[in-house]
Every structure is written in C-alpha cells, then in structure tokens.
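**Q** coordinates for the following, if possible.
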Amino acid sequence: MTKAEIVAQIAKQTGLDKETVLTVVEQFMLNVKESLVEGEAVYLRGFGSFIIKKRATKTARNIKEERSIIIPEHNIPAFKPAKSFVGRVSGLAVEDED
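**A** Numbering: from 1, shown residues only. This next block holds a predicted model:
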C-alpha cells in the first residue's frame, strides 16, 4: 500500500478531504523521523515502536577490489511491531497487551 492509497482510504473513511489527510500523514512521518534523529523512540500502543538499533563495527569484503573494509558502528531506524499486531498478521489470537 502506498502513501497515496493510505491517504485516499483515510479520507474515504473519515470524510476529510485528501489534502488535510495528506498533511496529517506527512506531519506524522516527519515527527517520527525527527524523534528518531534525536535518539527518542516512538511508541504506538497496539501497533508497535519505531526505535533506533545500534549496529556494531564489522568487517566486509569488497569483492571487485579484493580487499576488506571496516564498516564502523552506526545507528539505524527500526520498527518493532506490538505482540497483538504480530498475532493478527500471523493468524494467531493474542490478547491486546500493548
């Protein structure tokens, strides 16, 4: 599902115009990004968490140049779904704990 499809569906379900919904969706995404850049996780009960994961330093191979390179420790954004969300997607009944 694309952002445009999400906006259209929310607009249809709420009766709001697409421009308003698009603004809200884009502001939501901007706030999540800004929070993660600042090192702050975003928790959405029953849906999941947007978190920062730290990747350790590792050695990789550049096959074309036949040499090893060091990839330094770095942070990456990640999404951790809530247990109830995972249960619904997998088809297993899980009580809403989040």
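
**Q** need the contact partners of the lengthiest helix in the chain.
**A** Using DSSP state H, we find that the single longest helix of the chain is helix 18-37. Contact partners of helix 18-37, identified using Cβ atoms under 8 Å, 6 or more residues apart in numbering, comprise 3, 6-8, 10-11, 14, 41-42, 50-52, 77. In short, each C-beta sits where N, CA and C put it, glycine included.

**Q** in the helix or strand following that helix, what's buried?
**A** Scanning forward in sequence from helix 18-37 by DSSP states H and E, the next helix or strand is strand 42-44. Buried residues in strand 42-44, counted by 16 or more other Cβ atoms under 10 Å: residue 42.

**Q** what's the mean pLDDT across strand 42-44?
**A** In this model, strand 42-44 has a mean pLDDT of 97.

**Q** next: stretch 63-79.
**A** 93.

**Q** make 467 the starting number, not 1.
**A** Understood, numbering begins at 467; the last thing we discussed is stretch 529-545.

**Q** what's the first-to-last distance across that stretch?
**A** Taking Cα to Cα, to the nearest Å, stretch 529-545 runs 31 Å from one end to the other.

**Q** the longest helix of the chain: how far from the chain's middle?
**A** 12 Å (Cα atoms, centre = their mean, to the nearest Å).

**Q** go on, stretch 496-505?
**A** The answer for stretch 496-505 is 11 Å, by Cα atoms, centre = their mean.

**Q** cool, stretch 540-554 as well?
**A** When distances are taken as Cα atoms, centre = their mean, stretch 540-554 is centred 8 Å away from the chain's centroid.

**Q** same thing with stretch 469-489?
**A** So, by Cα atoms, centre = their mean, the centroid of stretch 469-489 is 20 Å from its chain's centroid.

**Q** buried ones in it, by neighbour count?
**A** 473, 476, 477, 487, 488.

**Q** could you check the pLDDT of the last one?
**A** To tie it back to what came earlier, the one meant is residue 488. If you check residue 488, the pLDDT there is 97.
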